[in-house]
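**Q** Please find the sequence and the predicted model below.
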Amino acid sequence: MLTKSKAQTQKIAIRLAKKIISEGVHKNARVLALIGDLGSGKTAFTQGFIKSLGIKTHVPSPTFVIFRRYPIHKEAGGFKNVFHFDLYRIEKPKEIIDLDFKKIIKNPENIVLIEWPEQILKFLPKNTIVLKLEHGKSANERIIKIAKN
């Protein structure tokens, strides 16, 4: 998919969020792994996704705190929390495991969005949705490819 603005990137995120909500909870958390270079739209995508769940607060990148949890207050297919991880600054997978990551991704009431997941791909559940975001030809263009791991 090709987007030409932050708003279009967020519209794709909103559509995916609605699809996940309509499917309801599964055995484990619904995990989205966002892979891409700096400035490729990972945080913009995440912000659109989280806002579509009725979360009104500002959604910053959690680069310095590793992750943030946002409670979902409206009916959302049985989901109660959305977690936003930014693993850009972690050096070893153990750092994320020590933060109860395995417990978070096993809880079926959670949706987990992970920026910079490359170091922990082996820990992610089989039904993880992998999004590859790339820069397009112009400054505002982004290419988004969606697959399941």
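**A** Thanks, I have the structure now.
**Q** those strands in this protein, which residues are they?
**A** Assigned by DSSP state E, the strands in the chain fall at 2-3, 30-36, 67-71, 81-86, 110-115, 129-135, 142-148.
**Q** Which strands or helices does the third one pack on?
**A** Spelled out, that is strand 67-71. Using 3 or more Cβ pairs under 8 Å, 6 or more residues apart in numbering; DSSP states H and E as the contact criterion, the secondary-structure elements in contact with strand 67-71 are strand 81-86. All C-beta atoms are positioned from the backbone trio N, CA, C, and that covers glycine.
**Q** Output the strand it packs on as PDB, nothing but the C-alphas.
**A** Output in PDB follows, covering the C-alpha atoms of strand 81-86 (Å, rounded to 0.1, in the frame of the first residue of the first chain):
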ATOM      1  CA  ASN A  81      -5.200  -2.800  26.900                       C
ATOM      2  CA  VAL A  82      -3.000  -1.700  24.100                       C
ATOM      3  CA  PHE A  83       0.700  -1.700  24.700                       C
ATOM      4  CA  HIS A  84       3.100   0.400  22.600                       C
ATOM      5  CA  PHE A  85       6.700  -0.800  22.700                       C
ATOM      6  CA  ASP A  86       9.700   1.000  21.200                       C
END
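**Q** For that strand, buried residues please.
**A** Going by neighbour count (16 or more other Cβ atoms under 10 Å), the buried part of strand 81-86 is 81, 82, 83, 84, 85, 86.
**Q** Now do residue 149, the pLDDT please.
**A** If you check residue 149, the pLDDT there is 68.
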